[in-house]
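In: for reference, the sequence and a predicted model appear below.
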Number of protein chains: 2
Amino acid sequence: MPRTHGAGRVTTLSEVAEAAGVSLSTASKALNGRAQVAPATRARVQAAADRLSFTPNALARSLLEGKTGTVGLLTSDLEGRFVLPILMGAEDAFGAGQVNVFLCDARGDAIREQHHLKALLNRRVDGIIVVGRQTDPRPSLGQDLSVPVVYAYAPSDDPDDVSFTPDNVVGGRIVTQHLLDCGRTRIAHISGDPSYAAATDRVEGSQAALADAGLAPLGAPLFGAWSEQWGRDAAAQVFARHPDVDGIVCGSDQIARGVLETARDLGRSVPEDVAVVGYDDWQVLSTNSRPELTSVDANLQELGRTAARAIFAAIDGDPAPAGVERLPVKLVIRGSTIARR
Amino acid sequence: MPRTHGAGRVTTLSEVAEAAGVSLSTASKALNGRAQVAPATRARVQAAADRLSFTPNALARSLLEGKTGTVGLLTSDLEGRFVLPILMGAEDAFGAGQVNVFLCDARGDAIREQHHLKALLNRRVDGIIVVGRQTDPRPSLGQDLSVPVVYAYAPSDDPDDVSFTPDNVVGGRIVTQHLLDCGRTRIAHISGDPSYAAATDRVEGSQAALADAGLAPLGAPLFGAWSEQWGRDAAAQVFARHPDVDGIVCGSDQIARGVLETARDLGRSVPEDVAVVGYDDWQVLSTNSRPELTSVDANLQELGRTAARAIFAAIDGDPAPAGVERLPVKLVIRGSTIARR
DNA sequence: AAAGCGACCGAAAACCCTTTCGGGACTGTA
DNA sequence: TACAGTCCCGAAAGGGTTTTCGGTCGCTTT
């Protein structure tokens, strides 16, 4: 660590060289493990560097190499809880190497996004990951940037870009298939805001699973909000219209929590009378309910890692194929579909 | 934006100068609004810069100025939901200016933290904000760093450092005072993991409020986990031992959700029979329950902004006073303490 | 003893930008 | 016409590091 407090004064390599009685270049080679340096000299330089607590200036090095070892993470909305795991996954994948992450939150504001983008380019990041808060396509940053870009969660609307997003259609399918596997046949769907692709995609997968099994859904899917309140209200409707319902696919864990509560109020036991599944596996909701919720984990952290690896590869001149890659999700089975023991 | 795609080649100032038919220095002055440049010349340079989509290299500039306009955000655990709003607040305060944020997640691992710290210093950040996930004091990074450091949420254990943390004692006090103001007198406390300062601090404030009112708590505070499950179990105990309880202070919103559920099961209506308060105002829990939860908002985003401002000031040579500053929290009143209309 | 070779070190360029300072050209006045 | 003054522009240094290439010194071999 640099030695001085507060004031920006930091030891420089030439000071180390002087202290060790060698030239600048020798000091550099000694500290970087280059050959052409006598072991004794190397030790002397090393000692001097330690004594002065020398810290190489990464700026100067980057200036030379043309690579900064930094990546920009451009998020549209930090508040959204989906970006965090993605961000973690990316940070994780980078942290293993020597890459650091510039975090920029655009607040869903295009102007602010442009501003941040410019700042990132000024700082010569080696690549940019754009993380959106919905799975709906978002505007591309454009093709003529000096660094590679990948999109995570929210895919780019330009098919020439590289995007990664969770596969909501398959998610809806597998969670519905699970209900079928549990022997349920009268299955209703309660989803969230229909303006979200996440809502319609999941419904689409779910309906497909039913169709494959030769079953019809129990009424049209109900769309509303991504809230417990909506879950409670919609469940009441479902139970009223279809008293024989034995499975409910929910568009989110929040909705599922509401459904559970209404079922409880109406004296329907879960999972015996009716099985309920959530989506997203937001653990604070899914593992704290009674019974715990079967749900779909979108594996967002892995998605973040994938995006990071793609950026790595692109930086090394080996870009991923353009287009939207839909990453697998996984079913997490808990008590709301299978009775305990 | 730089013009070339993928490959790192980016326009440099000397290329702009050449294109405009002026010298390097003139180009610099023209683009930076310095005087000593004829308007016509300036326009010509500007045009050339636009045409080549020139982007100034922030690295070179930083090298010169000795300031990078970057700040390190060193968090111990991204997963913790407390760091996110703090991070947003900080990012917010910086975003207004020209500062960008390096995000580093140490995963609660001291080695990784040192590693990240070193990387941040190598990159010559102008300052560092350390964000912890608990309000318990954490080890200091030490005094002999070359840049100013402030601690947010988790204060440093070294009183010479600058720390900001929410005031949990006052939080416990005001939320209890609110119950008293609602006419409640038989008040129990269900808290979380007692190894957390957050648990004990809140209890301490709560007890103090009762003592000030000349009241004794209804039994010793119950400590357990920060989960709904514990809230359900503990509430059952409280109702069994103290059937006359009319107010329950919970250590977190999760616990409060559990308490609400048990109250519902036992036919105790909230808030008429018993008023319930949560803590943290985690809105996915507090505004989705029935009734909605009165809670304490720790104002974390403001805490992040405060930390950012403190770093700003310290960078400008005006450090905040050392020690732990406890920032105010605010009571959010909802239906779990006051019946709707 | 001379020549040759290997081991080691240092000078200098390069990266890209900002800023200072000196000088050139032009205008106006004596 | 000559000089003072003004207005622009350009040369050069500086910031910290890495890397290349040339040079020096000592040792070995004949």
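Out: In hand now; what should we look at? Model, not experiment: these values are computed from the prediction.
In: rounded mean pLDDT for stretch A:190-198, please.
Out: Averaging pLDDT along stretch A:190-198 yields 97.
In: for that stretch, buried residues please.
Out: Along stretch A:190-198, these residues count as buried under the neighbour rule (16 or more other CB atoms under 10 Å in any protein chain shown): A:190-193, A:196-198. Just so you know, the C-beta spots here come from the backbone N, C-alpha and C atoms, and that holds for glycine as well.
In: what two of those residues are the furthest from one another?
Out: Pairwise distances across the buried residues of stretch A:190-198 (CB to CB) peak at 17.4 Å, for the pair A:Ile190 and A:Ala197.
In: what about the buried residues of stretch A:190-198, which are in helices?
Out: Judged by DSSP state H, the buried residues of stretch A:190-198 include A:197-198 as members of helices.
In: list just the nearest of the buried residues of stretch A:190-198 to A:Asp50.
Out: For the buried residues of stretch A:190-198, the nearest to A:Asp50 is A:Ala198 (54.0 Å; CB to CB).
In: grab the nearest non-local neighbour of that closest one.
Out: A:Thr135 (4.9 Å; CB to CB, 6 or more residues apart in numbering or on different chains).
In: distance to B:Leu179 for the buried residues of stretch A:190-198 - can I get that in TSV?
Out: Shown next, in TSV, are the buried residues of stretch A:190-198 (distance: CB to CB, whole Å):
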residue	distance to B:Leu179
A:Ile190	36
A:Ser191	39
A:Gly192	35
A:Asp193	36
A:Tyr196	39
A:Ala197	45
A:Ala198	40
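In: contacting residues for the closest residue to A:Gly132 other than its chain neighbours?
Out: Spatial nearest neighbour of A:Gly132, excluding adjacent residues (CB to CB, 6+ apart): A:Ala154 at 2.2 Å. Contacts for A:Ala154 were tallied using CB atoms under 8 Å, 6 or more residues apart in numbering or on different chains; they are A:76, A:130-138, A:165.
In: which of those residues lies closest to DNA strand C?
Out: A:Val130 (24.6 Å; CB to the nearest atom of the strand).
In: how about the closest one, what does it touch?
Out: Contacts of A:Val130 by CB under 8 Å, 6+ apart are A:74-76, A:138, A:141, A:149-152, A:154, A:156.
In: strands - which of those land there?
Out: When the contacts of A:Val130 are checked against strands (DSSP state E), the matches are A:74-75, A:149-152.
In: ranges for the strands of the stretch 1-150 of chain A?
Out: A:70-75, A:100-105, A:127-131, A:149-152 (DSSP state E, counting those that start in this stretch).
In: what about A:Ala17, distance to A:Leu63?
Out: 20 Å (CB to CB, to the nearest Å).
In: for chain A, what helix or strand is lowest in average pLDDT?
Out: helix A:83-96 (a mean of 88; mean pLDDT, DSSP states H and E).
In: ok, and what's touching it?
Out: Contacts of helix A:83-96 (CB under 8 Å, 6+ apart): A:71, A:73, A:75-78, A:100-101, A:103, A:129, A:131-133, A:152-153, A:300-309, A:312, B:78-79, B:84, B:103-105, B:112, B:116.
In: ok, stretch A:31-51 next?
Out: A:13, A:16-17, A:19-22, A:26-30, A:54, A:56.
In: is that stretch anywhere near DNA strand D?
Out: Yes. Shown here: stretch A:31-51 in contact with DNA strand D (CB under 7 Å from any atom of the strand) through A:31-32, A:34, A:36.
In: how does chain A divide up, domain by domain?
Out: A:13-56, A:69-166+A:300-328, A:168-297 (automatic domain parsing).
In: for B:Phe239, find the nearest of these.
Out: So among these, domain A:168-297 is nearest, using CB to CB, at 17.2 Å.
In: so where's chain A shaky on pLDDT?
Out: Along chain A, the model assigns pLDDT under 70 to residues A:1-9, A:340-341.
In: near DNA strand D, which residues of it are found?
Out: A:12-14, A:24-25, A:28-29, A:31-32, A:34, A:36, A:54-57, A:60-61, A:63-64.
In: how close does the most centrally placed residue in chain A sit to A:Leu73?
Out: Taking CA atoms, centre = their mean, the centroid of chain A lies closest to A:Ile86, which sits 1.9 Å from it. Distance, A:Ile86 to A:Leu73, using CB to CB: 9 Å.
In: show me which of the contacts of helix A:83-96 are buried.
Out: A:71, A:73, A:75-78, A:100-101, A:103, A:129, A:131-133, A:152-153, A:300-309, A:312, B:78-79, B:84, B:103-105, B:116.
In: for the nearest residue to A:Leu63 once chain neighbours are set aside, give me its contacts.
Out: Once flanking residues are discounted, A:Leu63 sits nearest to B:Leu59: 4.9 Å by CB to CB, 6+ apart. The neighbourhood of B:Leu59, defined by CB under 8 Å, 6+ apart, consists of A:59, A:62-63, A:68, A:123-124.
In: and the residues you listed, which two are the farthest apart?
Out: Maximum distance among the contacts of B:Leu59 (CB to CB): 11.9 Å, for A:Leu63 and A:Arg123.
In: in terms of neighbours, single out the busier of those two.
Out: When A:Leu63 and A:Arg123 are compared for neighbours, A:Arg123 comes out ahead with 21 against 16, by other CB atoms under 10 Å in any protein chain shown.
In: what is the neighbour count of the closest residue to the more buried one other than its chain neighbours?
Out: Once flanking residues are discounted, A:Arg123 sits nearest to B:Ala58: 4.7 Å by CB to CB, 6+ apart. Neighbour count of B:Ala58, defined by other CB under 10 Å: 21.
In: hang on, B:Ala58 packs against A:Val125?
Out: No. Using CB atoms under 8 Å as the test, B:Ala58 is too far from A:Val125 to be in contact (10.1 Å).
In: would CSV of the domains of chain A with distance to B:Asp50 be doable?
Out: As requested, these are exported to CSV (distance: least, CB to CB, whole Å):
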stretch, distance to B:Asp50
domain A:13-56, 36
domain A:69-166+A:300-328, 14
domain A:168-297, 37
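In: and of the ones you listed, who's closest to B:Leu215?
Out: domain A:168-297 (31.6 Å).
In: first-to-last residue distance for the closest one?
Out: For domain A:168-297, the first-to-last residue distance is 10 Å (CA to CA, to the nearest Å).
In: do stretch A:101-111 as well
Out: 22 Å.
In: so is it next to chain B?
Out: Yes. Contact check for stretch A:101-111 against chain B, using CB under 8 Å from any CB of the partner chain: residues in range are A:101-105.
In: which stretches of the stretch 101-250 of chain A form helices?
Out: A:110-122, A:168-181, A:197-212, A:228-241 (DSSP state H, counting those that start in this stretch).
In: CSV for those, including distance to A:Ser286?
Out: Below are the helices of the stretch 101-250 of chain A laid out as CSV (distance: least, CB to CB, whole Å):
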stretch, distance to A:Ser286
helix A:110-122, 32
helix A:168-181, 12
helix A:197-212, 16
helix A:228-241, 13
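In: got the phi and psi for A:Arg257?
Out: phi -60, psi -40 (degrees, to the nearest 10).
In: tally of neighbours for it?
Out: 27.
In: lovely, talk soon.
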